[in-house]
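In: Coordinates only, no sequence provided:
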């Protein structure tokens with residue numbers, strides 16, 4: 001059985017965190033840079049394949065944001081399963097919230113979804129090769145082997 005080094009685990013967790021922080025900060029350029037050029041992104045609100053399409057999808061989603069709302073993506077409960085030395089399956093749960101900017105701030109939970117990713121080691125570090133999210137994705141026992 002292949003093992004994932006602690007350094008790789010840490011870098012993959014950092015990738016998930018960078019996704020959340022860049023999308024929350026409306027930095028589409030930084031977020032899109034977290035994907036490989038041949039990546040796929042599959043969500044309940046759209047699908048994109050390849051770097052150019054992913055950049056456009058992110059820009060479109062960011063343009064729809066309300067100016068008086070701060071969104072927050074929080075990745076939780078991350079599981080890793082190695083595919084090869086340079087590819088890892090990642091399963092995590094997203095807690096998606098909105099927060100008003102005026103005081104008193106009000107926070108509301110908008111959604112929880114499951115992400116199933118394949119991340120790939122590149123010369124620039126770990127990147128998303130595929131990112132799929134949905135409200136229900138079956139749990140694969142590979143995460144418990």
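Out: Now that the structure is in, tell me what you want to look at. Nothing here was measured: the structure is a model prediction, and the numbers come from that model.

In: per-residue confidence for residue 45?
Out: Turning to residue 45, the model gives it a pLDDT of 90.

In: didn't it look like it was pressed against residue 58?
Out: No. The pair residue 45 / residue 58 is not scored as a contact, 11.8 Å apart, by C-beta atoms under 8 Å. C-beta coordinates here come from the backbone N, C-alpha and C atoms, glycine included.

In: Looking at the two, which is more packed in?
Out: Per other C-beta atoms under 10 Å, whichever of residue 45 and residue 58 has more neighbours is residue 58, with 22 against 9.

In: List the residues that contact that one.
Out: 23, 28, 31-32 (C-beta atoms under 8 Å, 6 or more residues apart in numbering).

In: what does residue 70 give?
Out: By C-beta under 8 Å, 6+ apart, residue 70 lies in contact with 24, 98-101.

In: CSV please, covering these and showing secondary structure.
Out: Converted to CSV, the contacts of residue 70 look like this (DSSP: H, G, I helix; E, B strand; the rest coil):
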residue, secondary structure
24, helix
98, strand
99, strand
100, strand
101, coil
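
In: could you flag which of these are buried?
Out: Neighbour-count burial (16 or more other C-beta atoms under 10 Å) applied to the contacts of residue 70 gives residue 98.

In: Looking at the contacts of residue 70, which one is closest to residue 67?
Out: Nearest to residue 67, judged by C-beta to C-beta, of those is residue 101 at 8.3 Å.

In: from the contacts of residue 58, which is closest to residue 5?
Out: Using C-beta to C-beta, those come closest to residue 5 at residue 31, 25.8 Å.

In: How about the closest one, nearest residue that isn't a chain neighbour?
Out: Nearest residue to residue 31 in three dimensions, chain neighbours excluded: residue 22, at 4.1 Å (C-beta to C-beta, 6 or more residues apart in numbering).
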